[in-house]
Every structure is written in structure tokens, then in C-alpha cells.
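> sequence below, structure please.
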Amino acid sequence: MIAVIDDDVSVCRAIKRLVWTHGIKAETFTSGIDFIAMLEALPSLKLDCVVLDMQMPGLDGLELQTRLAAMRPRLPVVFLTASITATARKRALAGGAVAFFRKPLDREIDNFVKTLRAVLEMERPDA
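Residues are numbered from 1 along each chain as shown. This is a model prediction of the structure:
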């Protein structure tokens, strides 16, 4: 199970459909704040990966990544963003991001799905 967090509903819907066609279950959230609230309400929820937008109102991708690292340190994060600065990319990698993809995914769909499959096959005792 992956979580897709992006403030654009159409991106959430598209990614959910994409991964579903490849046999991967996904839940979507249009707010990092809503996602954190769900994790706090359901601490036993098993997630294998988070696909995260970098620029969101309220709680941006880097802030959300930091909060996730404190709550679930072994939960892999894959960033999917329209734009990213070198500084933000460096901070995200230092925070444990496993991959970055640019929106739209048009030319990177296969690599995106391969990356998710690789992440889902990793063993993590308490993600």
C-alpha cells in the first residue's frame, strides 16, 4: 500500500489509477496535514511507500518528510514534483528520499513504476 499526497486532486487520481493498473494499492490525500492526522489516528496502518509532492500549501513536501521521518523512520519517500531547487533536492536526499520524478510523468512512467516496485520489495521491519 502506498500513500499519494498531492494538493492537486487530478494528480492524486491519475497516480492512483496508474499504480492500480500495475497491481499496487494506493490511498490519496490532498493535504499533508490530513495525511499526518490519519497516521496519528491509525498508528498501526501499514504503508510501504509515500509519493509526495514538493510544493503544497500548509505543510510542504520537505516539512512532511521531516515529520514522517520522526513518526516512521523507515518509510520510503518518492518525490513527484513540477519543480525542485538544488537546495530542496539536497535536503530531501539528506532526509532519506529514495527518488525524484518530475511532473508530468509522461516519459518517466515506466521508471516511476519500476521504482515503486523496487521500493515495495525492500524489507523494512517497521515502516
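
> going forward, measure contacts and count neighbours with C-alpha atoms only.
Noted.

> what residues does the lowest-mean-pLDDT helix or strand in the chain touch?
Scoring the helices and strands of the chain by mean pLDDT, DSSP states H and E places helix 86-94 at the bottom, with a mean of 89. Outside helix 86-94, the residues that touch it by C-alpha atoms under 8 Å, 6 or more residues apart in numbering are 62, 65.

> and residue 4, backbone torsions?
Here is the backbone geometry of residue 4 (degrees, to the nearest 10): phi -110, psi 120.

> my guess is it contacts residue 27, does it?
Yes - counting by C-alpha atoms under 8 Å, residue 27 is a contact partner of residue 4 at 6.2 Å.

> the two: which is more packed in?
Shown here are residue 4 and residue 27; by other C-alpha atoms under 10 Å, residue 4 has more neighbours (27 against 16).

> quick one: buried residues of stretch 93-110?
Residues of stretch 93-110 classed as buried by neighbour count (16 or more other C-alpha atoms under 10 Å): 95, 96, 97, 99, 100, 101, 102.

> how far does it sit from its chain's centre?
Chain-centre distance of stretch 93-110: 10 Å, with C-alpha atoms, centre = their mean, to the nearest Å.

> try stretch 105-113
15 Å.

> which residue packs closest to residue 76, ignoring adjacent ones?
residue 49 (5.0 Å; C-alpha to C-alpha, 6 or more residues apart in numbering).

> ok, that neighbour - how many residues close by?
For residue 49, using other C-alpha under 10 Å, the count is 21.
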